[in-house]
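1. the sequence isn't on hand, but the structure is:
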């Protein structure tokens, strides 16, 4: 699979290194979902900066990862959506409702820290 998954504290960082087949996207979802429970992960960052296109299947797969991780107790942030990809996603009217996106890894970690803070009693997830 052309996805590097690294652990950063209580977070996983999944960096997509090239276009993924439908099967690889589904395998990524399964891997991340499993690791959330086994490794007690509180947050996931998915880096999509290398993707030239995010079509409807990729958007659905990302939503599925976000929703599945949330059911396992982890927040997810998408990083690296390129400007032309973002414009195309909006023009194609893709359902992006559950996706939380930021510009870079530093901002993603800041957002996850805020979302997963055990001292914060608001329902941020």
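-> Great, that's in hand. Values in this document were obtained by computation on a predicted structure and should not be read as measured data.

2. low-confidence ranges in this structure?
-> Within the chain, the ranges that satisfy pLDDT under 70 run 1, 120-125.

3. now do the strands in it.
-> Counting by DSSP state E, the chain has strands at residues 3-8, 11-16, 43-47, 75-79, 101-102.

4. beta partners of the spatially most central residue of the chain?
-> In the chain, the centroid-proximal residue (C-alpha atoms, centre = their mean) is residue 46; its distance is 3.7 Å. Assessed by DSSP bridges, residue 46 has beta-bridge partners residue 14, residue 78.

5. list the contacts of the residue nearest to residue 97 when sequence neighbours are not counted.
-> Nearest residue to residue 97, sequence neighbours excluded (C-beta to C-beta, 6 or more residues apart in numbering): residue 63, at 7.5 Å. Where C-beta positions appear, they are placed from N, C-alpha and C, glycine not excepted. Residue 63 makes contacts with 95-99, as judged by C-beta atoms under 8 Å, 6 or more residues apart in numbering.

6. of these, buried ones?
-> Buried subset of the contacts of residue 63 (neighbour count, 16 or more other C-beta atoms under 10 Å): 96, 99.

7. in stretch 18-33, what counts as buried?
-> The neighbour-count check on stretch 18-33 (16+ other C-beta under 10 Å) flags 20, 24-25, 28-29, 31-33 as buried.

8. ok, of those residues, which one's closest to residue 116?
-> Set against residue 116, the nearest of those by C-beta to C-beta is residue 32 (15.5 Å).

9. before we move on, back to that, give me the subset of the buried residues of stretch 18-33 lying in helices.
-> For those, membership in helices holds for 24-25, 28-29, 31-33, with DSSP state H as the criterion.

10. separation between residue 73 and residue 59?
-> In this view, residue 73 and residue 59 are 23 Å apart by C-beta to C-beta, to the nearest Å.

11. same thing with residue 103?
-> Counting by C-beta to C-beta, the gap from residue 103 to residue 59 is 19 Å.

12. check residue 4 too.
-> For residue 4, the distance to residue 59 equals 21 Å [C-beta to C-beta].

13. looking at these two, which one has more neighbours?
-> The neighbour count for residue 4 versus residue 59, taken as other C-beta atoms under 10 Å, is higher for residue 59 (16 against 11).
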